[in-house]
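1. predicted model follows, preceded by the sequence.
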Amino acid sequence: MISFNDLGLIAPILDALQDEGYAHPTPIQEASIPILLTSKDLIGCAQTGTGKTAAFAIPILQLLTRFQTKGQTGRDIKCLILSPTRELAIQIGESFSAYGKNLRLRHTVIFGGVSQHAQVQALQRGVDILVATPGRLLDLIAQRIVHLSQIQIFVLDEADRMLDMGFINDVKKVITRLPEQRQTLLFSATMPMEIQSLANTILQQPEKVEVTPVSSTADTIEQCIYFVEKPNKKALLHHVLKNPEIKNALIFTRTKHGADKVVKDLNKAGITAEAIHGNKSQNARQRALNNFKDGTIRTLVATDIAARGIDIDELSHVINFELPNIPESYVHRIGRTGRAGMDGKAIAFCDQEELPYLKDIQKLIGKQIPEGTDNPYPMDRTQSIAHTHQPQQKGGSRNNGRKNKNFNRKF
């Protein structure tokens, strides 16, 4: 098995990786790092949780250190990483802190939703690496606080998420500010047509690394589905969380209001929980995330804004309290567990109205999700089947019984 020592990395980075407990690169890291160290453009297509951040952060740190040794000093921004969400931007910044702690490189993270004062002060002190969300970056460019004329490396991370969140035009505005001569990296879990078209215009003869099938789920994640009537979901959640194997659980809802309702119900039941979603202030979101990471709370309830970019060590379970109506979101949600080769479990609740969502999810991932056996609140399957399928013939009770028996195979 290949180790980080085999990738031609410098000693300060290898020492930092050792301190982090990293011995062997993940497939995306093993494939990407040697390419990026040659300053080539790259398209990286890999599912969430495969180590994409380290795949670009490690070689960037080495390349910028190489520039320093060639006398390219000064504190102009030399590398820009564009991220779709504040949470992911913060995680990327933490990665640069960890891997680059033995190097003489500065980085900072900028994002909206908070005062720009501290971010501006950090920029004025000078940084080599800037991690940014599109909106705040464009604001600071307009104020002439950020200048991108010296960028040598540009990373567009979670490009498909940028598209989903409506940021693609902002991304294009940022790109017009970049020097034409640069190294460009594009990472994405999926490659919709618009992202592929963008890649064709901003990359020069890129190498492509694709380590897993698009929108597949990691083999390290054990999945199961519980069919339950909608009014019984809360009771089922309480029942599931009684399992002592669930050390911590990231719970997903479709809406902000739904997340707050689940938190209120869990706290009422004596289960420590907080919510993280777009209506929360940045400080509140970061506090909730930190409380979850350090074990102060056992459950964190989130909307899809947290489906990417949250890296929690040893997250044992992801629970889909509500199935997403976009099947790719299911992959991103459950990718919060089973990371870096560790085992994880993903539990999903499915009520009658969500059966079409489940069908789309299983079609996307190419597998049937097995049904959980310990469910004290099972769905009335006869009504579900009648609601979802047209009967083949009137009075076909025998057929209905057959469909009931094969319910999980159909969905």
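-> Received it, and whenever you're ready, just let me know what you need. The structure presented is a predicted model; accordingly, all values stated were derived computationally and were not measured. Numbers count the residues shown, from 1 in each chain.
2. how is this structure divided into domains?
-> 4-210, 221-379 (automatic domain parsing).
3. give me the mean pLDDT for the first one.
-> Spelled out, that is domain 4-210. Throughout domain 4-210, pLDDT has a mean value of 91.
4. can you give me the end-to-end distance of that domain?
-> In domain 4-210, first residue to last residue: 20 Å (CA to CA, to the nearest Å).
5. cool, the shortest one as well?
-> Counting by CA to CA, the length from the leading to the trailing residue of domain 221-379 is 25 Å.
6. mean neighbour count added to the domains of the chain, as TSV?
-> C-beta: built from backbone N, CA, C; applies to glycine. Output for these, formatted as TSV (neighbours: other CB atoms under 10 Å):
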stretch	mean neighbour count
domain 4-210	18
domain 221-379	19
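7. now do the helices in the stretch 101-250 of the chain.
-> Assigned by DSSP state H, counting those that start in this stretch, the helices in the stretch 101-250 of the chain fall at 117-125, 134-142, 159-164, 168-175, 193-202, 233-241.
8. which one of those lies nearest to Ser3?
-> helix 159-164 (29.9 Å; CB to CB).
9. surely Glu30 and Ile2 touch.
-> Yes. The criterion here is CB atoms under 8 Å, and Glu30 meets it with Ile2 at 5.8 Å.
10. hey, what's Tyr226 bridged with?
-> Assessed by DSSP bridges, Tyr226 has beta-bridge partners Phe349.
11. output stretch 274-286 as CSV, nothing but the C-alphas.
-> The C-alpha coordinates for stretch 274-286 follow below in CSV (Å, rounded to 0.1, in the frame of the first residue of the first chain):
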residue,chain,number,x,y,z
GLU,A,274,-29.1,21.8,18.3
ALA,A,275,-30.0,22.9,14.8
ILE,A,276,-27.8,24.2,12.0
HIS,A,277,-29.3,25.9,9.0
GLY,A,278,-29.4,29.1,7.0
ASN,A,279,-31.6,31.1,9.4
LYS,A,280,-29.0,30.7,12.2
SER,A,281,-26.3,33.3,12.6
GLN,A,282,-22.8,32.2,11.7
ASN,A,283,-21.8,32.3,15.3
ALA,A,284,-24.7,30.1,16.3
ARG,A,285,-24.0,27.6,13.6
GLN,A,286,-20.4,27.4,14.5
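12. ok, Thr53 - contacts?
-> For Thr53, the contact set (CB atoms under 8 Å, 6 or more residues apart in numbering) comprises 91-92, 95, 157, 311.
13. ok, now with 10 Å
-> For Thr53, the contact set (CB atoms under 10 Å, 6 or more residues apart in numbering) comprises 28-29, 81, 83, 88, 91-92, 94-96, 99, 155, 157, 187, 309, 311.
14. and stretch 172-190, C-alpha only, in CSV?
-> C-alpha atoms of stretch 172-190 as CSV (Å, rounded to 0.1, in the frame of the first residue of the first chain):
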residue,chain,number,x,y,z
LYS,A,172,-18.0,33.4,-13.5
LYS,A,173,-17.6,36.9,-12.3
VAL,A,174,-14.7,35.9,-10.1
ILE,A,175,-13.0,34.0,-12.9
THR,A,176,-12.9,37.1,-15.0
ARG,A,177,-10.7,38.7,-12.3
LEU,A,178,-8.1,36.0,-12.5
PRO,A,179,-4.9,36.0,-14.5
GLU,A,180,-5.1,33.8,-17.6
GLN,A,181,-1.8,32.1,-16.7
ARG,A,182,-2.6,30.0,-13.7
GLN,A,183,-3.1,26.5,-12.5
THR,A,184,-6.8,25.6,-12.2
LEU,A,185,-8.4,22.8,-10.2
LEU,A,186,-12.1,21.8,-10.3
PHE,A,187,-13.5,19.4,-7.9
SER,A,188,-17.1,18.1,-8.0
ALA,A,189,-19.1,15.1,-6.9
THR,A,190,-21.2,15.2,-10.1
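15. how far is that stretch from where the chain is centred?
-> 20 Å (CA atoms, centre = their mean, to the nearest Å).
16. next one: stretch 128-146
-> Using CA atoms, centre = their mean, the offset of stretch 128-146 from its chain centre is 22 Å.
17. show me where the stretch 301-411 of the chain has its strands.
-> 317-320, 344-350 (DSSP state E, counting those that start in this stretch).
18. dump those to a markdown table, plus mean pLDDT and distance to Lys52.
-> What follows is the strands of the stretch 301-411 of the chain, written out as a markdown table (pLDDT from 0 to 100; distance: least, CB to CB, whole Å):
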| stretch | mean pLDDT | distance to Lys52 |
| --- | --- | --- |
| strand 317-320 | 96 | 19 |
| strand 344-350 | 96 | 17 |
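19. any weak-confidence spans in the stretch 251-400 of the chain?
-> 278, 305-310, 340-341, 381-400 (pLDDT under 70).
20. 90 instead, please
-> Along the stretch 251-400 of the chain, the parts satisfying pLDDT under 90 run over 254-257, 276-286, 289-290, 293, 303-314, 324-333, 335-343, 364-366, 373-374, 380-400.
21. the helices in it, which residues?
-> Under DSSP H, counting those that start in this stretch, the stretch 251-400 of the chain gives helices at 256-268, 282-293, 327-334, 355-365, 381-388, 397-405.
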